[in-house]
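Peer 1: Need a 3D model of the following:
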Amino acid sequence: LFGAATGYGIMILAMTATPLAMLHHHHGLDDAASVIQLHVLGMFLPSFITGSLIVRFGVLRIMLSGVLLFIGHILLTLTGTSFSSFASALILLGVGWNFMYIGGTTLLTSTYSPAEKGSAQAINDGVIFAVGLVCSFAAGGLLHVLGWQTLNLILLPWLGLAAASLIWLGARTAGQRGD
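Peer 2: Modelled structure (predicted):
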């Protein structure tokens, strides 16, 4: 749940702020629309192979790759405010979301009994969408107060916690298996 909510929250926060930041940095609406279109492709095109990647490399490795892609997004936001900086950052944001969200929902299916399925799914969806709602509403205010690059930099501690959680889960499950 934490991994999927992290993916969703970070993606919504940065994606919602992007067109506003682009307009602030004198890009036109056509450029902002193009960046969001590239971002959406980054979100959904990998879905054709994400399941296969999870089977081949393991869900935790794919989710950690998602964290690294989000860090790549943040680093690209530091390169400037050109169209290519926004576009490349948002593509990485989309792919990072895909790996974190699909990985998180994949992990969820291993955490409940058949009788708990409905409740587990409802709690999962409720928390993820609540995080998304808060991040969506916060995006404009944070962008106004912090600016584009700092808004993205403040995501690093959240990503650090997500990475630490995934590493801890990996160590815990390896210890249970006797690896």
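Peer 1: From here on, just use CA atoms for contacts and neighbour counts.
Peer 2: OK.
Peer 1: Check which element follows the host helix or strand of Val55 along the chain.
Peer 2: Secondary structure assignment for Val55, by DSSP states H and E: helix 47-57. Using DSSP H and E, the next helix or strand after helix 47-57 towards the C-terminus is helix 59-77.
Peer 1: avg pLDDT for that next one?
Peer 2: Across helix 59-77, the average pLDDT comes to 98.
Peer 1: Ok, stretch 142-149 next?
Peer 2: 98.
Peer 1: still on that earlier bit, please compute how far the helix holding Val55 lies from its chain's middle.
Peer 2: 17 Å (C-alpha atoms, centre = their mean, to the nearest Å).
Peer 1: Check which residues of that helix are buried.
Peer 2: Thr50, Gly51, Leu53, Ile54 (16 or more other C-alpha atoms under 10 Å).
Peer 1: any idea which of those residues is closest to Gly118?
Peer 2: Gly51 (22.6 Å; C-alpha to C-alpha).
Peer 1: which outside residues touch the lowest-mean-pLDDT helix or strand in the chain?
Peer 2: Here the helix or strand of the chain ranked lowest by mean pLDDT, DSSP states H and E is helix 156-177, holding a mean of 91. The contact list for helix 156-177, computed with C-alpha atoms under 8 Å, 6 or more residues apart in numbering, reads Phe2, Gly3, Thr6, Leu60, Met63, Leu64, Val67, Phe70, Ile71.
Peer 1: how far off helix 59-77 does that helix point, in degrees?
Peer 2: Following axes from the mean of the first three to the mean of the last three C-alpha atoms, to 10 degrees, one obtains 160 degrees for the angle between helix 156-177 and helix 59-77.
Peer 1: about what we covered before: just the angle for the helix holding Val55 relative to helix 59-77, thanks.
Peer 2: On the basis of the same axes, to 10 degrees, helix 47-57 is oriented at 130 degrees to helix 59-77.
Peer 1: so what secondary structure elements neighbour helix 47-57?
Peer 2: Where contact means 3 or more C-alpha pairs under 8 Å, 6 or more residues apart in numbering; DSSP states H and E, helix 47-57 is packed against helix 59-77, helix 83-108.
Peer 1: The helix or strand that the last one is followed by versus helix 83-108: what angle between them?
Peer 2: Yep, that's helix 83-108 we're talking about. Next helix or strand after helix 83-108 toward the C-terminus (DSSP H and E): helix 117-146. Angle, helix 117-146 to helix 83-108, by the same axes, to 10 degrees: 160 degrees.
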